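# Show me the folded form of this:
(one chain, ligands or ions: 2)
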Amino acid sequence: MSEKKMAPRDQGAPDYTKYLHPVMAKNYGKWDYHERVRPGVLLHVGTSGDKLWSVRAGSPRTMSADTVRKICDIADKYCQGHVRFTSRSNIEFLVGNEADLKPLITTVEGDLGWPLGGTGPSVSNVSHTQGWLHCNLPGSDAAGSVKALMDDLIDEFKNESLPNRVHISSSCCQINCASHGDISIIVQHHHPPRINHKDMQICELPKVVAICPVAAIRPAVVDGVETVEVVEEKCMYCGACHGQCPSMEIRDSDTDTLSIWVGGKMSNARSKPSFMKLAVWGLPNNPPRWPEVSNAVRKILKAYKEGAKDWERVGEWIERIGWQRFFEKTGFKFTKYHIDDSPEALSTFNRSAQIRI
Ligand code: SF4
Ligand code: SF4
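Ligands and ions are numbered 1, 2, ... in the order given. Alright, predicted model coming up:
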């Protein structure tokens, strides 16, 4: 019987063990200790005595082919070709030979012009979503606002001078690709979607109805066209329906604003994973530098730096001092919109910080 030809398996995560740096592969599961040599440089030492340095730099996230080629050339020269990205888009060059460490750092800072940092108690690279670059939903840019913010926070990236690490994320719609962060910047819409009945795709109607988390969408016939309608009193302006159907337009350059949420984390260290909570809303969506967002983030970081104990994450610090004190210290106004009073919250909202739905 002839052998059946199968397509190569192309889904799922690849076998990462094939891509480990040789020192990492040899010492896998046999590490003795690690230390932070300086901001942006980690050293791992195996029980065998082998050493591996990780040099972490802030990447601009969105890169040209030329830049990627430069990275590869540097990795070939100093890292036996081994380089990787962290989940927050920091780039890490892996160095097995101590003599390569200094020239690598000089090359990364000089030729690439990228700062070293993001290790230990610092602001790591801001994790952002696609924004106007790729996605069909954004009410704001992600790459632009993150660049402006990181320019402003460069010292917090390069120096380990905060109580603990601070993960900042930025999402350009309320569906929130960027997920839970110590500080998170998220677009907010302020009215229900405007429906273009003429262009409604009939095949997608059941999906549009089903996607609304508060059951505000129902089938309707308008001018003889099978379409949907929105029960406006129920709608919470989340924009999930716009992701399902472009004819449910939620974005509005006149009324969309930005909000900042605080206290989320994924890690189980010291306390369990936690959701973010609203800190400030109604910030203008103000390209190209979004100064109001930078100012608000700076206020949070200043209060956190001054008030948190060593190793407290932003959410842990706020829980200890209380939300009233948080608003006093940051100067943000507490409003009725800070109270989550949705009757649907318990049964319909995402209830785990680690699972995205
Ligand atoms: S946050 Fe929203 S708009 Fe931005 S990339 Fe993700 S899904 Fe698209
Ligand atoms: S914006 Fe959200 S709540 Fe409003 S109709 Fe669309 S999916 Fe439902």
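
# how deep is Glu226 tucked in, by neighbour count?
Summarising burial for Glu226: neighbours were counted as other CB atoms under 10 Å, giving 12. Every C-beta, even on glycine, is put in place using the N, C-alpha and C of the backbone.

# Secondary structure class of it, three-state.
Here Glu226 is strand, with the state taken from DSSP: H, G, I helix; E, B strand; the rest coil.

# swap in Ile91?
Remark: Ile91 carries the secondary structure label strand [criterion: three-state DSSP].

# Show me the beta-bridge partners of it.
Taking DSSP bridges as the rule, Ile91 bridges to Ala57, Phe85.

# Can you mark which positions in stretch 236-243 are buried?
Of the residues in stretch 236-243, 237-243 count as buried by neighbour count, 16 or more other CB atoms under 10 Å.

# is ligand 2 contacted by it?
Yes - counting by CB under 6 Å from any ligand atom, contacts between stretch 236-243 and ligand 2 involve 236-241.

# That stretch - what's its average pLDDT?
The average pLDDT within stretch 236-243 is 91.

# Please see if it touches ligand 1.
No - if you take CB under 6 Å from any ligand atom as the test, stretch 236-243 misses ligand 1, and the best it gets is 6.5 Å.

# start to end distance for that stretch?
Counting by CA to CA, to the nearest Å, you get 15 Å between the two ends of stretch 236-243.

# Quick one: distance of it to the chain centre.
The chain centre lies 20 Å from the centre of stretch 236-243; the measure is CA atoms, centre = their mean, to the nearest Å.

# Stretch 58-73 now?
Per CA atoms, centre = their mean, the displacement of stretch 58-73 from the mean C-alpha position of its chain is 20 Å.

# can you pull the buried residues of that stretch?
Applying a neighbour-count criterion of 16+ other CB under 10 Å, the buried positions in stretch 58-73 are 58-62, 71.

# Check which residues of stretch 271-279 are buried.
For stretch 271-279, a neighbour-count test (16+ other CB under 10 Å) marks 273-276, 278-279 as buried.

# Using TSV, lay out these together with secondary structure, pLDDT and distance to Lys4.
What follows is these, written out as TSV (DSSP: H, G, I helix; E, B strand; the rest coil; pLDDT from 0 to 100; distance: CB to CB, whole Å):
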residue	secondary structure	pLDDT	distance to Lys4
Pro273	coil	88	45
Ser274	strand	88	50
Phe275	coil	86	49
Met276	coil	89	50
Leu278	strand	93	56
Ala279	strand	96	58
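
# Name the surrounding residues that touch the helix ranked longest in the chain.
In the chain, assigned by DSSP state H, the helix with the most residues is helix 291-307. Outside of helix 291-307, the residues that reach it under the criterion CB atoms under 8 Å, 6 or more residues apart in numbering are 123, 145, 148-149, 152-153, 156, 161-163, 166, 168, 183, 185, 258, 260, 262, 279-280, 283-284, 286, 314, 317, 321, 326, 329-332.
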